[in-house]
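# got a structure for you, letters missing:
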Ligand SMILES: N[C@@H](CCC(=O)N[C@@H](CS)C(=O)NCC(=O)O)C(=O)O
């Protein structure tokens with residue numbers, strides 16, 4: 001493993017983690033796997049991010065990337081072969097990913113949390129874990145944000161037309177991105193996987209054989225070559241790193257409330273809006289980042305996609 005081999009902090013049941021695992025598989029890219037806890041507390045992750053608790057995160061040395069939209073761009077830079085965002089697809093990808101994160105994902109979660117979905121899920125968890133998990137997520141949604149959380153009635157109203165439209169498109173080309181998969185496929189696969197691999201609710205997709213065959217094609221990419229790493233060792237590796245990753249090549253971004261060099265807080269606007277504080281060191285169309293000092297992890301550069309995160313000046 002080289003210094004630029006990405007370290008991926010994730011857990012098995014997380015659909016956003018699954019999205020990136022299959023990207024690694026598609027790209028046949030080597031990575032290091034840190035098993036993160038599915039609920040708080042997450043001491044190693046918080047040492048690295050300074051407060052961002054969502055899964056997964058991607059670490060390259062002392063650079064920590066939050067949110068899978070941004071991770072996919074970083075992965076494309078680390079391994080450009082088989083691009084996830086072909087040139088000219090930047091804006092369309094951004095718009096579709098936002099819809100997946102904020103609409104399709106929540107509709108899938110609503111289906112998942114029906115009693116038969118929860119029963120199948122809980123049998124895959126350690127005894128007693130389900131209650132802890134449900135309480136953790138209830139507390140997370142109670143923190144506020146623009147999304148009120150999953151709603152089964154909305155899911156029932158919206159999903160059939162979405163599945164049917166995906167089915168129609170997959171009758172023309174093997175992937176949503178065309179002849180080869182793109183980030184759009186991996187983004188949509190995330191909530192579909194949540195439904196498709198849960199024995200209690202899998203039948204929701206029975207009427208859509210092309211969609212299921214597409215999910216099987218993505219599953220067949222596997223997870224790529226990886227080795228396990230302890231979370232504390234990942235924090236130590238961060239501390240030992242002296243060089244930072246260059247910014248992604250997005251156009252400069254004039255933020256309404258802050259400039260480079262300002263002390264800022266960055267947090268998600270949709271849900272789990274925990275704030276990460278530090279000095280603003282990158283602001284462009286593809287990423288905003290702060291430099292922070294952590295007692296355990298040392299200097300950390302924490303990166304976010306500007307879309308769906310807010311940057312506010314401190315003081
Ligand atoms: N927009 C984020 C969403 C990540 C997300 O919501 N992940 C879920 C797990 S799949 C989560 O963090 N749940 C709370 C937790 O794991 O602590 C991304 O693309 O990474």
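All right, it came through fine. Predicted model only: the values in this text are computed from it and were never measured.

# from here on, just use CA atoms for contacts and neighbour counts.
OK.

# quick one, strands of the stretch 151-300 of the chain?
226-228, 263-268, 276-283, 288-294, 298-304 (DSSP state E, counting those that start in this stretch).

# okay, buried residues for the first one please.
Read it as strand 226-228. Using 16 or more other CA atoms under 10 Å as the burial criterion, the residues of strand 226-228 that qualify are residue 226.

# count the residues that sit near the nearest residue in space to residue 235 that is not next to it in sequence.
Leaving aside its chain neighbours, residue 235 sits nearest to residue 297 (5.2 Å; criterion: CA to CA, 6 or more residues apart in numbering). For residue 297, the count of nearby residues is 25 (other CA atoms under 10 Å).

# mind listing what residue 297 touches?
47, 48, 235, 236, 238, 239 (CA atoms under 8 Å, 6 or more residues apart in numbering).

# helix, strand or coil for residue 98?
Following DSSP: H, G, I helix; E, B strand; the rest coil, residue 98 is assigned to helix.

# try residue 13
Put simply, residue 13 is coil when judged by three-state DSSP.

# does the ligand sit close to stretch 141-155?
No. Stretch 141-155 lies out of reach of the ligand by CA under 6 Å from any ligand atom, never closer than 9.5 Å.

# thought residue 14 was touching residue 68?
No. Using CA atoms under 8 Å, residue 14 is not in contact with residue 68, being 11.9 Å away.

# compare those two (neighbour count), which wins?
Neighbours of residue 14 and residue 68, each counted by other CA under 10 Å, are more numerous for residue 68; the result is 21 against 17.

# quick one, what contacts that one?
Contacts of residue 68 by CA under 8 Å, 6+ apart are 16, 17, 19, 20, 56, 57.

# likewise for residue 171?
By CA under 8 Å, 6+ apart, residue 171 lies in contact with residue 210.

# gap between it and the ligand?
Distance, residue 171 to the ligand, using CA to the nearest ligand atom, to the nearest Å: 28 Å.

# give me phi/psi at that residue?
Torsion angles at residue 171 (phi, psi; degrees, to the nearest 10) stand at phi -80, psi -10.

# and it, how far from residue 207?
Distance of residue 171 to residue 207, given as CA to CA, to the nearest Å: 14 Å.

# show me which residues of the stretch 101-250 of the chain sit near the ligand.
Contact residues (CA under 6 Å from any ligand atom) of the stretch 101-250 of the chain with the ligand: residue 101.

# how about stretch 165-175, which residues are buried there?
Those buried within stretch 165-175 under the rule 16+ other CA under 10 Å are 166, 167, 170, 174, 175.

# in a markdown table: those residues, plus distance to residue 82 and pLDDT.
As requested, the buried residues of stretch 165-175 are arranged in a markdown table below (distance: CA to CA, whole Å; pLDDT from 0 to 100):
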| residue | distance to residue 82 | pLDDT |
| --- | --- | --- |
| 166 | 23 | 98 |
| 167 | 24 | 98 |
| 170 | 20 | 98 |
| 174 | 16 | 98 |
| 175 | 14 | 98 |
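
# so which of these belong to helices?
166, 167, 170 (DSSP state H).

# now do the contacts for the second one.
The reference is to residue 167. Taking CA under 8 Å, 6+ apart as the test, what residue 167 contacts is 208, 209, 210, 211.

# if we use 6 Å, what do you get?
Contact partners of residue 167, counting by CA atoms under 6 Å, 6 or more residues apart in numbering, are 210, 211.

# mind listing the residues bridging to residue 282?
residue 289 (DSSP bridges).

# that one: neighbour count?
Count around residue 282 with other CA under 10 Å applied: 24.

# same question, residue 231
The tally of other residues near residue 231 (other CA under 10 Å) stands at 19.

# just to revisit the earlier point, which of the strands of the stretch 151-300 of the chain is buried the deepest?
Between the strands of the stretch 151-300 of the chain, strand 298-304 has the highest mean count of neighbours, a mean of 25, where neighbours are mean count of other CA atoms under 10 Å.

# just checking, what packs against whatever helix or strand comes next after it?
Once strand 298-304 ends, the next helix or strand along the chain (criterion: DSSP states H and E) is strand 309-313. Of the remaining helices and strands, those touching strand 309-313 by 3 or more CA pairs under 6 Å, 6 or more residues apart in numbering; DSSP states H and E are strand 263-268.
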